[in-house]
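*Asks:* Okay, predicted coordinates and the sequence, questions at the end:
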Amino acid sequence: MDENDEEVTAPKEQLAPKEEPLRRSMKAFEPISVEKSNTLLHLLYAQRDYPACKALIGELIEQYQGECEYPIFIRSVIAREECDLEESMNWMRKAQALARNDAKYLMHIGRLYLLMGNHTAAVEQLERSVTLDKMNYKAYFWLARAVYHLDTNLFDPAEKAKDILLNAPVLHHSAELLIFLAKLFTQLGESIAAIQTYKKALELEPENVELMVHLGMLYLRTKNEDPAFAMFGRALSYDAAHADSSVMQAHGDHDVALNKYRIAAEKCDYNGCLWNNIGMCLFAKGKFVAAISCLKKAAFLCPLEYRILYNLGLVHNAMQQYCSAYHFLAASLSLSPRNAQVLGTLAVTLSNMKDVNNAAKAYQRALSFDNDPQIILNYAIFEGQNGNLEKTRELFERFQQVTQEITVNQQLRQLAEKVAVLFLGSMNDNPPNDPPPSS
Amino acid sequence: MTNKWVNALHDDAAQVNTLYPCVGLGDLSGDGDVKLVVADMGTSRFNMKLKVFKGVSLAAESALAELPTALVTFINEQNTIPSVAVASGPSLLIYKNLKPFYKFTVPSTKINEVEEEAWSKAGSQELSTEQLTTVLSNLKEEISLKELTPISQTYLLSDDEDRPGLIQRFAARSLQNSSPITCLSTIKKNSVDVSPLDVLLIGTEKGQIYALDSQAFVVISTCQLPGTPVFICPHGVYDVEYKLFVTTREGQIFAIKRDVIKCEKPIITTKADIVGITKFGKMLAVACADKTLTFYSFKGKRQNQIKLHTPIRGIDSFFYAPKQYSGVLVALDHQVRIYNDMYQLDQLRVEPEIRWIRYGAFGREEGGLIIGSKEGGLIVKLFRRLAKLDEKIEINAQISAHNIKLNIPKKTKVFVDQTMRERENSAQMHQAYQRDLFMLKHLTTQTFFDLSKSSLSSVSIGTKEAVDITVEVHGFGPVFRLTVKLNCSSKAPLQDAWLSFVYDPVMYRFETSLIPVSYVVPGKFYTFFTDVECLHPEKGTSSEVRALLCRANRSTPIVTTIISMPISEMSLLD
């Protein structure tokens, strides 16, 4: 085109390969820029091609007599990623010496101190960095981390770290900051704030399973089972291996829970809690033998977990294998000696085996620990069966008294009424079997 | 799955040392055959070249004076062949027909006032060489070297004898502070139906993004970013509505709209360095150094993240017009995968380690994938015209729960039989158990009681008199020697005890059957001995001997030990 014609001649001598002697003499006078190779270096670094990076950095440092910040900075970052903190610190200090007022290098020095465990020095450097550049959210993050780890009695590190994060400039755009803040909230016991923070983080990272699990757990802790259920369900839809279907089980959705457990068991077979849950799921579905198998596997994996032994006792009791039930319950009791529930179940098992004296003792001991209405009712039935109606009446009164104070299952109340009629109304009929306490 | 791609050409010894930004595709000779244009970095100081490949064979090359940082092909004239722009330092070298055509230098940014004044004074001889050096050195300390102009940088890095020459040469000229170009891209000036012209987009080290008219080579808009740009991903057309997505070295992504001259807040912040960015429909696909590929909406809302588990070498967008297939090509060390936002669609293995990939029309084919290896080789793969990309390889493959069988341990028949037995006889079993348990406890208690009553143990466990006694028998007979060792472990020393032996006087005769033990200090071993003679070795029998440690005022011994005497041999003297 015409308008370009006059400019055509300009670049020719620039672009044509220069002859060697001429180039050498000109070289000193060509303006050089220390930042010329930064692009190449960054691309190599982003590809994690460390050998090529190091070679190029060596060349550049030689060429520019160590006056190039960016290569030195990258060298430090590489050293940090190779876990050579001392060397990283040396390089970072060199970079910082070249640009004294650059907040970025101060932040990295602070971060290195944090990694080295020198939290006081880290806080000092990071605070300087934050005052120099108020917009760098990363500096706030590391400052909060460093403050959190400070060992001091002057203030609460978690509280201080929280305040720092709340002052960070782009808090709502960084999931990292939000997650850390949520953790601090959780630690400080502010569950509601933590939930809100997690929710915001989840908006930024909608498929972060770990976040969903944390949030679900928080919901559970604040007794919000429905959102927790939804959150775990969502987590499971992203990653089926998370074994959090106990909530489903609590919802009575045993088949779904069992399906989730199947996947979980595929991923980690050696998990006692998981097998315990599978066992109880099968128990709820009425598959007693399979339940026993699973629970025994669980007990084998976690022999010192009294809950598994208790569950084994329950299932054996339901199988009318009272002797085995007795032994598992006794073992459970020896691990958790003051547990009224275990004692109450043990008493039921003993009464099933017609060991009246020991059963009565177990009931009394259980009630000395906890006024559980279920145990009281069982005891009442037990005494009724043994013709000790005076005691039964006394226990019913106690049952009424206790159930007035606390809310109980409607089913249990109805059962109590029925039994009361049986024993205290018409005393000749056969009483129903003792209901096994539910898990 | 490689049957979707044709292995077209490859040359392992093409000796191309370059990276993704320095690779472009274009029909440079106007014969309908799309060629590969590469700015070869050589050894990064020497041997830099601009190379054009037809297929994988070198069609043309031209030397470059400085290290190239980016390359694009663009159209700047109606109905002609594309031109090539190579970024090198602060300049953009434009090649037309593979001939140098124009050199554009990025506009100068603001120059430090002190620096400017110093140079102008040096030019008019008001400042000596030393004074200029001092002024610039102080300035360097204050604002760091990279903020100074390239001429000052050169001056400070030169030897003393070169400095007067430098002043002579440069002081008279006006100072320029153009920062090096870091990235290049193009955007259509208008919709393709109206005109095919491109607008060049240039990013510089100091964070400026320039839009450059490709006909007159004048800057038509500028935007300032807080970080150094690495990639520019344009969307839309320049004259109507556009959005430039610019990634920075800090892992931030900025969206620049029309008429924005300063961009402060990023729309996306990634956790790791950005390896590549590309468009996928109405989404941005961002590959990061933490082995993730993340999809964001244009507003910056995260849609999905895919974890790759191996480092990503580069990404490019995939679009096959005849079948309207689209996706994101992701290069890993030895494979190239195609993803859409939810699924993996294809996987392709290559032998050498990948350094960069570039997808686009190539040669006379619609879908060409050019792979550059680490060793400098070139591989060209072509997308099969009949290939189908319908199969989905799910990323988070859901294992169908019904197919998995729970590994519930089986129970044997014996177990079931025992269960039945237990059900029928539970009361008896329990009674038997209770009785046996009681008996066991009873027996244990009784035995313990007996033991403590007779003190028949060799170790006394009373807190006051914890004594350990051991006895050794030496000799063959008829004369033996009994060695008794006492060790007291109580706190207080043992006093006024007697070591007494109980034996059958018909069988043995003891030299001393009562040894006084006056004092036993805790922690020390005391040895006592006595000779024993077997009276009737010819009978060939033996009996037990007991050693007791007693006290005068106590009815039971402190410790007792039973010694089984060996059968005595006949006396040799007889």
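*Replies:* That came in fine, so what should we check first?
*Asks:* how is chain B carved up into domains?
*Replies:* Chain B breaks down by automatic domain parsing into domains covering B:113-170, B:467-564.
*Asks:* Lowest mean pLDDT across these, which one is that?
*Replies:* Of all these, the minimum mean pLDDT falls on domain B:113-170 (a mean of 82).
*Asks:* ok, the residue lying closest to A:D355 once chain neighbours are set aside to B:L437 distance?
*Replies:* Leaving aside its sequence neighbours, A:D355 sits nearest to B:H430 (CB to CB, 6 or more residues apart in numbering or on different chains; 6.1 Å). In short, each C-beta sits where N, CA and C put it, glycine included. In this structure, B:H430 lies at 10 Å from B:L437, with CB to CB, to the nearest Å as the measure.
*Asks:* again, but for A:E87
*Replies:* 69 Å.
*Asks:* Those two: who's more crowded?
*Replies:* A:E87 (15 against 10; other CB atoms under 10 Å in any protein chain shown).
*Asks:* Kindly state the pLDDT recorded for the nearest residue to the more buried one once chain neighbours are set aside?
*Replies:* Excluding its sequence neighbours, the residue lying closest to A:E87 (CB to CB, 6+ apart) is A:A79, at 4.3 Å. As predicted, A:A79 sits at a pLDDT of 92.
*Asks:* How many neighbouring residues does A:A79 have?
*Replies:* 21.
*Asks:* next one: B:R509
*Replies:* 15.
*Asks:* does it count as helix, strand or coil?
*Replies:* strand (DSSP: H, G, I helix; E, B strand; the rest coil).
*Asks:* Look up which residues are beta-bridged to it.
*Replies:* In this entry, B:R509 is beta-bridged to B:E533, by DSSP bridges.
*Asks:* Please tell me how far the regular element (helix or strand) spanning A:Y198 is from the chain's geometric centre.
*Replies:* In the assignment (DSSP states H and E), A:Y198 maps to helix A:191-204. Helix A:191-204 sits 14 Å away from the centroid of its parent chain (CA atoms, centre = their mean, to the nearest Å).
*Asks:* quick revisit: hang on, the residue nearest to A:E87 in a helix?
*Replies:* Yes: applying three-state DSSP, one finds A:A79 inside a helix.
*Asks:* So it sits against A:S88, correct?
*Replies:* Yes: with contact defined as CB atoms under 8 Å, A:A79 and A:S88 form a contacting pair (3.7 Å).
*Asks:* re earlier: next, find the distance separating the residue nearest to A:E87 from chain B.
*Replies:* 16 Å (CB to the nearest CB, to the nearest Å).
*Asks:* Can you get me a residue count around residue 291?
*Replies:* All of this is about chain A. Counted with other CB under 10 Å, A:A291 comes out at 26.
*Asks:* wait, chain B
*Replies:* For B:K291, using other CB under 10 Å, the count is 17.
*Asks:* Going by neighbour count, list what's buried in the helix ranked longest in chain B.
*Replies:* Longest helix of chain B, by residue count under DSSP state H: helix B:426-454. Using 16 or more other CB atoms under 10 Å in any protein chain shown as the test for burial, helix B:426-454 gives B:426, B:429-430.
*Asks:* Equivalent analysis for stretch A:188-203, please.
*Replies:* A:193-195, A:197-198, A:200-202.
*Asks:* do the same with stretch B:502-517
*Replies:* So, applying 16+ other CB under 10 Å, buried residues of stretch B:502-517: B:503, B:507-508, B:510, B:513, B:515, B:517.
*Asks:* try stretch B:301-310
*Replies:* Quick answer for stretch B:301-310 (16+ other CB under 10 Å): B:302-306, B:308.
*Asks:* ok, the closest residue to B:Y526 other than its chain neighbours - contacts?
*Replies:* Closest residue to B:Y526 apart from its sequence neighbours, by CB to CB, 6+ apart: B:L486 at 4.4 Å. By CB atoms under 8 Å, 6 or more residues apart in numbering or on different chains, the contact set of B:L486 is B:467-469, B:499, B:517, B:520, B:525-528, B:549.
*Asks:* and the helix or strand hosting A:L377, C-alpha only, in PDB?
*Replies:* Assessed by DSSP H and E, A:L377 sits inside helix A:373-385. Presented in PDB, the C-alpha positions along helix A:373-385 are these (Å, rounded to 0.1, in the frame of the first residue of the first chain):
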ATOM      1  CA  PRO A 373     -36.600 -43.700  79.700                       C
ATOM      2  CA  GLN A 374     -36.000 -46.700  77.500                       C
ATOM      3  CA  ILE A 375     -34.000 -48.500  80.200                       C
ATOM      4  CA  ILE A 376     -36.600 -47.600  82.800                       C
ATOM      5  CA  LEU A 377     -39.300 -49.100  80.600                       C
ATOM      6  CA  ASN A 378     -37.300 -52.200  80.000                       C
ATOM      7  CA  TYR A 379     -36.700 -52.600  83.700                       C
ATOM      8  CA  ALA A 380     -40.300 -52.100  84.400                       C
ATOM      9  CA  ILE A 381     -41.200 -54.900  81.900                       C
ATOM     10  CA  PHE A 382     -38.500 -57.100  83.400                       C
ATOM     11  CA  GLU A 383     -39.900 -56.700  86.900                       C
ATOM     12  CA  GLY A 384     -43.400 -57.200  85.600                       C
ATOM     13  CA  GLN A 385     -42.400 -60.500  84.000                       C
END
